[in-house]
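In: Provided below are the primary sequence and the corresponding predicted coordinates.
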Amino acid sequence: MRDRLRQRPGSQRGKLTGPNPTDRGKRGSKIHLIVDRHGLPLSIGISAANLHDSQALIPLTRGIPPIRSRRGPRRRRPGKLHGDKGYDYRHLRRWLASRGIRHRLARKGIESSKRLGRHRWVVERTASWLSGCRRLHRRYERKPEHFLAFTAIAATLICHRRLAN
């Protein structure tokens, strides 16, 4: 009973939350996505808001399920990966090249962000579809497994709506 009284309200925010650098340090989570060229989510992950995007690329790429193709065996990796300047690191480029994935990552200080926009908007559109789900707009769950489950349900609904038309 005494331990419960000493506990400050709001001290249990849950795992995988961190101070958001763009939102005055409020604790939050970030949703990471890999989508195909039509905007269907292939791999989804969550992390604390203060985690750099580049740290989520390798687990997301490994999490892509085998995709059935019209001919031949199932594809286990994408043919090409587009990314913004947040993924411009030598070790990520080497890792993608060693797996046979062609990368088109914008380079810091060399390329403008406008050139990548014609491919980047597909990911932004899928992220806006996810943020349209009320449960994902603000994180209510303390356990990261529950938040990831709701994110997966929202991605399944996006796939169903896209493929039904």
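Out: On my side now, so go ahead. Numbers count the residues shown, from 1 in each chain.

In: contacts, neighbours, all on C-alpha from now
Out: Will do.

In: what does the model give Leu92 for pLDDT?
Out: Leu92 is assigned 93 on the pLDDT scale.

In: residues in contact with it?
Out: Going by C-alpha atoms under 8 Å, 6 or more residues apart in numbering, Leu92 touches Ser54, Ile58.

In: gap between it and Val35?
Out: As judged by C-alpha to C-alpha, to the nearest Å, Leu92 and Val35 stand 18 Å apart.

In: Tell me which residue lies nearest the centroid of this protein.
Out: Centroid-nearest residue in the chain: His32, 0.9 Å away (criterion: C-alpha atoms, centre = their mean).

In: Could you pull up the residues touching that one?
Out: His32 neighbours (C-alpha under 8 Å, 6+ apart): Ile44, Gly45, Ile46, Ser47, Asp53, Ala56, Leu60.

In: Could you single out the nearest of the residues you listed to Glu145?
Out: Each of the contacts of His32 was scored against Glu145 by C-alpha to C-alpha, and Ile46 proved nearest at 9.5 Å.

In: ok, back up a step: which ones among the contacts of His32 lie within strands?
Out: Ile44, Gly45, Ile46, Ser47 (DSSP state E).

In: Spatially nearest residue to the first one, not counting backbone neighbours?
Out: I take that to be Ile44. Counting by C-alpha to C-alpha, 6 or more residues apart in numbering, Ile44 lies nearest to Leu33, which is 4.9 Å off, once chain neighbours are set aside.
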